[in-house]
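In: need a 3D model of the following:
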Amino acid sequence: MKGSFIMKEKLIDVSTWNGNIDWDKVYKSGVRYAMIRSSFGVENPNQVDNKFVRNITNAQRAGVKCGVYHYSYAQSVAEAQKEAEFCLKIIKNYKIDLPVAFDIEDSSQTHLGKDTLTSIVIAFCDRIKSAGYRPMLYCNPNWLCNYLHKDKLINKYDIWLANWGVSAPSYNCAIWQYSENGGVPGISGSVDMNWIYKDYTSTKPATTKPVTKPSNVKKTDYSVKVTAQAGLNVRKGAGTNYNIITALKCGTVAIVSKVSGNWGYVGKYGGWICLDYTAKVSTTSTVKSDKAYYTVKSGDTLSYIAYRYSTTVDKLVSLNNIKNRDLIYVGQKIRVK
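Out: Residues are numbered from 1 along each chain as shown. The predicted structure is shown next:
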């Protein structure tokens, strides 16, 4: 988990299975935080949690800070991306104070293997992040260690760990689900109980553009092409905490005139884009290149890179003369076009 334990507060997670909740009673009992199920699987009207609107509306009206979670059935990176779009469509009109969590635990997924399952997590969470939300991974220790590449994920995303019957969580986590049999006034029957350790509400999205130190911004002049299939947000500042100005469709080419970290300023659109979801097209607007390259980062797999650039693993293997498609390393330059 990025950051450190800076608080310890009660949190509950709920879904349609908890029935009609009296959120005023929940709040009066001392619960100030909740994770609410928004959806499960790919887009289908029947796969929106039928208590989501009621829960998030009444919880927030009572004063409870809310995040959401999506239960996954994804069998591929492409399905994970569809699940992310489904989740984003549902939550777009609501204030989300806590993370958007990806719940991966279904028995139908266990045969997929660590590489595919890890790529599925990354595809969903990175799309959530690109939309301006805080992504989170929900799983239990068995899944984290035996079905996922734990070391590729625990430093990339905050973890919500389902770890029952122990005195402390087995791994560093932002939220610890310590019981499935809790009791809270306002909820009939048992409810999942958690401790939330990370304060997500003290840092609010910026509404104005802060002053950036000149040393952090470098002038440049090159073009990039948006590679995210779902598009890419343009923001007022170099970070996901800034307001969204507009969105660029996949394939849009824009000139970057200055950079700050992994963010680039596109003057035509009056804002900043995350360069992680683009490919460099040329050094100037007048020079075209038929080739594009991607630098491998921690947690990447060929299947994820192929998804990101709308190509196939076989194509990447051929372009780069890769002998072992399961072996790539951080810093490696992969030709994607």
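
In: low-confidence ranges in this structure?
Out: 1-6, 203-216, 229-230, 241, 282-290 (pLDDT under 70).

In: just checking, residue 18 touches residue 184?
Out: No. Using Cβ atoms under 8 Å, residue 18 makes no contact with residue 184, being 9.5 Å away. C-beta here means a position set from N, CA and C on the backbone, and glycine is covered the same way.

In: now for the two: what residues contact both?
Out: residue 191 (Cβ atoms under 8 Å, 6 or more residues apart in numbering).

In: SS state for residue 89?
Out: helix (DSSP: H, G, I helix; E, B strand; the rest coil).

In: can you tell me the closest non-neighbouring residue to it?
Out: residue 43 (7.2 Å; Cβ to Cβ, 6 or more residues apart in numbering).

In: list the residues that contact the one you found.
Out: Here residue 43 is in contact with 82, 85, 86, 89 (Cβ under 8 Å, 6+ apart).

In: just the buried members of those residues?
Out: Taking 16 or more other Cβ atoms under 10 Å as the criterion, what is buried in the contacts of residue 43 is 82, 85, 86.

In: JSON lines for those, including distance to residue 279 and secondary structure?
Out: Below are these laid out as JSON lines (distance: Cβ to Cβ, whole Å; DSSP: H, G, I helix; E, B strand; the rest coil):
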{"residue": "82", "distance to residue 279": "22", "secondary structure": "helix"}
{"residue": "85", "distance to residue 279": "21", "secondary structure": "helix"}
{"residue": "86", "distance to residue 279": "26", "secondary structure": "helix"}
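
In: between those, which is nearest residue 303?
Out: residue 82 (15.5 Å; Cβ to Cβ).

In: now the closest one: how far from residue 139?
Out: 20 Å (Cβ to Cβ, to the nearest Å).

In: residue nearest the centroid of the chain?
Out: The chain has residue 125 as the residue nearest its centroid, 2.5 Å off, counting by Cα atoms, centre = their mean.

In: does that one sit in a helix, a strand or a coil?
Out: Relying on three-state DSSP, one would call residue 125 helix.

In: on that earlier part again, reformat the contacts of residue 43 as TSV; add distance to residue 118.
Out: Output for the contacts of residue 43, formatted as TSV (distance: Cβ to Cβ, whole Å):
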residue	distance to residue 118
82	18
85	20
86	21
89	25
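
In: tell me the one of the residues you listed nearest residue 259?
Out: Nearest member of the contacts of residue 43 to residue 259, counting by Cβ to Cβ, is residue 85, at 28.1 Å.

In: you'd agree that closest one is up against residue 130?
Out: No. Counting by Cβ under 8 Å, residue 130 is not a contact partner of residue 85; they are 11.3 Å apart.

In: residues in contact with the closest residue to residue 298 other than its chain neighbours?
Out: Spatial nearest neighbour of residue 298, excluding adjacent residues (Cβ to Cβ, 6+ apart): residue 330 at 5.5 Å. Residues near residue 330 by Cβ under 8 Å, 6+ apart: 296, 297, 298, 300.

In: same deal with residue 48?
Out: Under the criterion of Cβ under 8 Å, 6+ apart, the neighbours of residue 48 are 38, 39, 90.

In: for these, which one is nearest residue 105?
Out: Looking across those and measuring by Cβ to Cβ, the closest to residue 105 is residue 39, at 15.3 Å.

In: sec struct for the closest one, please.
Out: When the rule is three-state DSSP, residue 39 gets the label strand.

In: that one touches residue 71, doesn't it?
Out: Yes. Residue 39 is within contact range of residue 71, at 7.5 Å (criterion: Cβ under 8 Å).

In: neighbour count winner among the two?
Out: The neighbour count for residue 39 versus residue 71, taken as other Cβ atoms under 10 Å, is higher for residue 39 (23 against 20).

In: can you tell me which of the contacts of residue 48 is nearest residue 9?
Out: Of all the contacts of residue 48, residue 9 sits closest to residue 38, with 21.7 Å by Cβ to Cβ.

In: neighbours of the closest one, how many?
Out: Neighbours of residue 38 (other Cβ under 10 Å): 28.

In: mind listing the helices for the stretch 51-200 of the chain?
Out: Along the stretch 51-200 of the chain, counting by DSSP state H, counting those that start in this stretch, helices occupy 52-62, 77-91, 114-130, 141-146, 150-153.
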